[in-house]
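Asks: what follows is a predicted protein model with its sequence.
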Amino acid sequence: MRSRPRTIHPVLLLALSAVLGGCGKSTPLGAAGDAAARVYVAPGQYDELYAFFSGGFSGNVSVYGLPSGRLLQQIPVFSQFPEKGYGYSEQTKAMLNTSYGFIPWDDSHHPQLSITDGKADGRWLFINGNNTPRIARLDLSRFDTDEIIEIPNSAGGHGSPYLTANTEYAVSATRFAVPEPQQDMSIKDGKFGGMISFVKVDPKSGAMSLAFQIHVPGYDYDLSRSGKGPSKDWSFFTSYNSEEAKTLLEANASQKDKDYIAAVNRTIAVQCVAQGKAKDWKTPYAHNWVGGDGVARTEMLKTEKVLEVTDCPGMIYFLPTPKSPHGVDVDPTGEYIVAGGKLATVIPVHSFSKMVKAIEAKAFDGEVGGIPVLKYDQVIAGEVQNPGLGPLHTEFDGKGYAYTSIFISSEIVKFSLKDFKVVDRIPTYYSIGHLMIPGGDTEQPYGKYMVALDKITKDRYLPTGPELAQSAQLYDISGDKMKLLLDFPTAGEPHYAQALPASLLKDKQLKTYQLSQNKDPFVTKSENDVKVVRRGTKVDVYMTAIRSHFLPDNIEGIQVGDSVYFHVTNLEQDWDVPHGFAMLGAHNSELLIMPGQTRTLAWQPERAGIFPFYCTDFCSALHQEMQGYIRVSPKGSSVKLSWNGGAQATASAGGGK
Ligand code: RUQ
Ligand code: CUA
């Protein structure tokens, strides 16, 4: 779903304000009677689940405990984040490189936990950047971003990074049709295209590589899910704007009764690529990853393999789907493909087995752009009647029920996958986008809880000026009836979330980086080794931090116009003792340095004077004393380079080079 209220379809907004006008005035509905007890996690106790929420336009992932809703951590992914120095330190900057250069922001939408045999394995979290299409991989033993790959020939990487059943691939689909390949052409008369991408994930290391892309008609591909069980070779992509409108899409992309879900057979696509049927396209894209030295680097790649649909028969089919579908979700058995037709009056549920039969029987209604269109009545399993207005996303409880978020009428409906009848509905506050059942998109839903991810909060919290918090709501789904347990505000816009039992992660958290294993090229493993090295105007400061001092903490002989690199190694080997490093007038943020880790801050002094630096993380009783001075002299000054601390400084009484 698009993000803030102001970008919502005006027609929806009208309908919405009618709904909210009603809800807003009445007292917000209360929670279940035993709600407090159900969500209370006593001081010192742990939550039952880790939940990973996308931060939307914050570009981050935020980590909450469930059922308490307590915010545990924010993990920077696509955006510079001063709290951790991410995207500011020399070791992390390369994570934000793209073919467009350094892009310090993105719009993160859909977190996906890595899965083995159809259930969360607690290894990695993947998440897409929507604006400058990228997929990131986070390591869940460190809660850190380790890799980001840009998706070329794409604009709006929204239908992403949905994983296949054993994390073999992450997919991406271009939300905005654009010229494929990019070129100058008339917006009005130009023929635009779309692109579906398959990114291979190395089963051991998690390393990502772009396997191939499929050039598809110029619709707006919105969301995706890959199949499971019998459908595990397939990935499904919704599209809207099959009208191929270029302007005023709110009306012009809503002409037809049905758009399409693209069903892509990955196995056939892989065969076609192996047979040499893909062509090499030359759109540059960046691949960034953290090496064994803890330093992020970038490889700029130049070619990718693109399949034309006509060169690979049997690879892709269209399932007609009402109307402007948004979400597409596959139930735990892999048989049902549920679409959220945001302008549809029903929730269409396709049958995978019927689809396979229809393909065998060639039950087509012609084709578009070389893609056979399956007959709607040959693939549909059922339509959920009167679901509410604006169905978007569906998750499953593993007990035969599906739960669909309904945006305009602000509610969740629960329906049976046996007869597609609605069995329960409950309001959300307000305007739910995604919903999440822990494991509810896998073969083994954890069930028990459901989280609504709301776009608008209106009157739910103390007001905070024009910008109100986005919000999540926790529901109990263990019984027949859904029950509201808790509201909690979120950091950024929570598009989607994933959760898994805490037991899968809590005991494998890295406590410190081993100092002896630190392979950073600028590491300083002992206070004896601290030094300052000048090469021309570049000055490398090999610095250490340990409670409660830096060494060196006095440096003279720096000049205006120098580029100074503070390579700070945290010598601590205790859990939970990071140090910070901040420099007056530096054009970047602080560093936050984990025990055993090295982080580098670049500084270009612009004025002569004495410049203090200090530790930003309250690390000990003498944290305030953890400070130092740099003397900056005018360019060409004769002040000798000197510092305190380190063997060299002691031996030569003042160091120097
Ligand atoms: S999409 S609801 Cu990325 Cu639905 Cu936001
Ligand atoms: Cu180190 Cu505060």
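Replies: Yep, that arrived. Ligands and ions are numbered 1, 2, ... in the order given.
Asks: ok, now which ones touch residue 288?
Replies: For residue 288, the contact set (CB atoms under 8 Å, 6 or more residues apart in numbering) comprises 94, 95, 96, 97, 147, 148, 149, 296, 297, 298, 299. Placement of C-beta: from N, CA and C, glycine included.
Asks: pairing partners for the strand or helix carrying it, with directions?
Replies: For residue 288, the host element (DSSP states H and E) is strand 285-290. Sheet partners assigned to strand 285-290 using DSSP bridges are listed as strand 144-150 (antiparallel), strand 296-301 (antiparallel).
Asks: neighbours of the residue of the stretch 501-650 of the chain found nearest ligand 1, how many?
Replies: The nearest approach of the stretch 501-650 of the chain to ligand 1 comes at residue 505, 24.4 Å away (CB to the nearest ligand atom). Neighbour count for residue 505, taken as other CB atoms under 10 Å: 18.
Asks: how much space between it and residue 142?
Replies: Distance of residue 505 to residue 142, computed by CB to CB, to the nearest Å: 11 Å.
Asks: then residue 290?
Replies: Relative to residue 142, and taking CB to CB, residue 290 is found at 10 Å.
Asks: quick one: which of those two has more around it?
Replies: Neighbour count, other CB under 10 Å: between residue 290 and residue 142, residue 290 has more, with 20 against 15.
Asks: tell me which of the strands paired with strand 285-290 sits nearest to ligand 2.
Replies: Ligand 2 lies closest to strand 144-150 among those, at 20.5 Å (CB to the nearest ligand atom).
Asks: do you know how far the residue of the stretch 51-200 of the chain found nearest ligand 1 is from residue 563?
Replies: Residue nearest to ligand 1 within the stretch 51-200 of the chain (CB to the nearest ligand atom): residue 109, separated by 3.7 Å. Counting by CB to CB, the gap from residue 109 to residue 563 is 37 Å.
Asks: likewise for residue 126?
Replies: 36 Å.
Asks: same deal with residue 102?
Replies: Distance from residue 102 to residue 563, by CB to CB: 17 Å.
Asks: coming back round to it: drop anything exposed from the contacts of residue 288.
Replies: Among these, the ones that count as buried by 16 or more other CB atoms under 10 Å are 94, 95, 96, 97, 147, 148, 149, 296, 298.
Asks: show me the beta-bridge partners of the nearest residue to the first one once chain neighbours are set aside.
Replies: Which is residue 94. Spatially, and ignoring its direct neighbours in sequence, residue 94 is nearest to residue 296 (4.0 Å; CB to CB, 6 or more residues apart in numbering). Beta-bridge partners for residue 296, by DSSP bridges, are residue 290.
Asks: any idea how far residue 296 is from ligand 1?
Replies: 26 Å (CB to the nearest ligand atom, to the nearest Å).
Asks: how many other residues sit next to the residue nearest to residue 233 when sequence neighbours are not counted?
Replies: Leaving aside its sequence neighbours, residue 233 sits nearest to residue 267 (CB to CB, 6+ apart; 4.5 Å). Neighbour count of residue 267, defined by other CB under 10 Å: 12.
Asks: what strand or helix carries whichever residue of the stretch 201-350 of the chain sits closest to ligand 2?
Replies: Closest to ligand 2 within the stretch 201-350 of the chain is residue 294: 19.7 Å, counting by CB to the nearest ligand atom. Assessed by DSSP H and E, residue 294 sits outside every helix and strand.
Asks: so what's the residue count around the nearest residue to it once chain neighbours are set aside?
Replies: What sits nearest to residue 294 in space, not counting adjacent residues and going by CB to CB, 6+ apart, is residue 520, at 5.5 Å. Residue 520 sits with 18 neighbouring residues when counted by other CB under 10 Å.
Asks: correct me, but residue 520 touches residue 598?
Replies: Yes - checked against CB atoms under 8 Å, the pair residue 520 and residue 598 is within contact range at 3.8 Å.
Asks: shared neighbours of the two, anything?
Replies: 91, 294, 567, 569.
Asks: contact partners for the closest residue to the third one other than its chain neighbours?
Replies: Ranked by CB to CB, 6+ apart and with sequence neighbours excluded, the top spatial neighbour of residue 567 is residue 522, at 3.5 Å. Residues counted as contacts of residue 522 (CB under 8 Å, 6+ apart) are 540, 542, 565, 567, 598, 600.
Asks: OK, now which residue of the stretch 351-500 of the chain is nearest to ligand 2?
Replies: For the stretch 351-500 of the chain, CB to the nearest ligand atom, closest residue to ligand 2: residue 491, 24.6 Å.
Asks: that residue and residue 40: what is the separation?
Replies: From residue 491 over to residue 40 (counting by CB to CB), the distance is 22 Å.
Asks: got it, and residue 556?
Replies: Residue 556 sits 57 Å away from residue 40, taking CB to CB as the criterion.
Asks: between the two, which is the more surrounded one?
Replies: Using other CB under 10 Å as the criterion, residue 556 and residue 40 rank with residue 556 on top: 22 against 11.
Asks: identify the residue spatially nearest to the more buried one, adjacent ones excluded.
Replies: What sits nearest to residue 556 in space, not counting adjacent residues and going by CB to CB, 6+ apart, is residue 631, at 4.1 Å.
Asks: tell me the secondary structure for the one you found?
Replies: strand (DSSP: H, G, I helix; E, B strand; the rest coil).
Asks: how about the residues of the chain near ligand 1?
Replies: 1, 109, 110, 158, 326, 392, 393, 433, 434, 495 (CB under 6 Å from any ligand atom).
Asks: among the residues you listed, which ones are in strands?
Replies: 326, 392, 393, 433, 434 (DSSP state E).
Asks: as CSV, those with pLDDT and distance to residue 486 would be great.
Replies: Listed next are these as CSV, based on pLDDT from 0 to 100; distance: CB to CB, whole Å:
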residue, pLDDT, distance to residue 486
326, 95, 26
392, 97, 22
393, 97, 20
433, 96, 18
434, 97, 17
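Asks: and what about the residue minimising distance to the centre of the chain, helix, strand or coil?
Replies: Nearest to the mean C-alpha position of the chain, by CA atoms, centre = their mean, lies residue 127 at 2.8 Å. Put simply, residue 127 is strand when judged by three-state DSSP.
Asks: distance of the closest residue in space to residue 153 that isn't next to it in sequence relative to residue 178?
Replies: Distances taken as CB to CB, 6+ apart put residue 195 closest to residue 153, at 4.6 Å, once the chain neighbours are dropped. Distance, residue 195 to residue 178, by CB to CB: 9 Å.
Asks: who has more neighbours, the two?
Replies: For residue 195 and residue 178, the more surrounded residue by other CB under 10 Å is residue 195, and the numbers stand at 28 against 20.
Asks: and the strands in the stretch 1-150 of the chain?
Replies: Secondary structure of the stretch 1-150 of the chain, counting by DSSP state E, counting those that start in this stretch: strands at 49-54, 60-66, 70-76, 97-98, 101-102, 112-116, 119-129, 134-139, 144-150.
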